[in-house]
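Participant: Give me a model of this one.
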Amino acid sequence: MRVLLDTHALIWAITDPARLSRPASTTISNQANEILVSAASAWEIGTKVRLGKLPAAQAFEESLVETIESAGYSQLSIDIATALRAARLPGQHRDPFDRMLAAQALDLDIPIISADRQLDVFGIRRIW
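Facilitator: Residues are numbered from 1 along each chain as shown. Have a look, this model is predicted:
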């Protein structure tokens, strides 16, 4: 199964796995699954580190590519069609990172590993 990690799930999977739910942890640790990390998550982490909203994540941000690779996760790029889908998703949810992750999950027809119930407004499948 292919799954997409929400940004907080990525951070927790690497730095504090005990914060993950049992279904999330089981899905991530299953070697048969392909775990995807969106470029949107890199953008979100980098932005929040720069703005001082994730000061403890600076070292994590600096080694993000290597960390993703060593964990065995796959990178997921953002294309123009998906960016447009994210922009056009209905609803008042304003977080551009969440909108992009939802659009990517919808495009690929895969679930997102996330504790964020607000993503449900986009009609995605969520594992938590």
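Participant: Can you give me the first-to-last residue distance of stretch 13-23?
Facilitator: Stretch 13-23 has an end-to-end distance of 12 Å (CA to CA, to the nearest Å).
Participant: Could you give me the buried positions within the least confident helix or strand in the chain by mean pLDDT?
Facilitator: Least confident helix or strand of the chain, by mean pLDDT, DSSP states H and E, is helix 58-62 with a mean of 90. Buried residues in helix 58-62, counted by 16 or more other CB atoms under 10 Å: 60-61. No exception for glycine: its C-beta is placed from N, CA and C like everyone else's.
Participant: The closest residue to residue 121 other than its chain neighbours: what secondary structure?
Facilitator: Distances taken as CB to CB, 6 or more residues apart in numbering place residue 91 nearest to residue 121, at 4.9 Å, with adjacent residues excluded. Of the three states, residue 91 takes coil under DSSP: H, G, I helix; E, B strand; the rest coil.
Participant: so residue 91 touches residue 122, yeah?
Facilitator: Yes. Here residue 91 reaches residue 122: they are 7.1 Å apart, a contact under CB atoms under 8 Å.
Participant: These two: who's more crowded?
Facilitator: Using other CB atoms under 10 Å, the more surrounded residue of residue 91 and residue 122 is residue 122, with 20 against 11.
Participant: For that one, give me phi and psi.
Facilitator: Reported as degrees, to the nearest 10, the phi and psi values for residue 122 are phi -90, psi 0.
Participant: Setting the sequence-adjacent residues aside, check what's closest to it.
Facilitator: residue 102 (3.9 Å).
Participant: What is the neighbour count of that neighbour?
Facilitator: Around residue 102 there are 29 residues (other CB under 10 Å).
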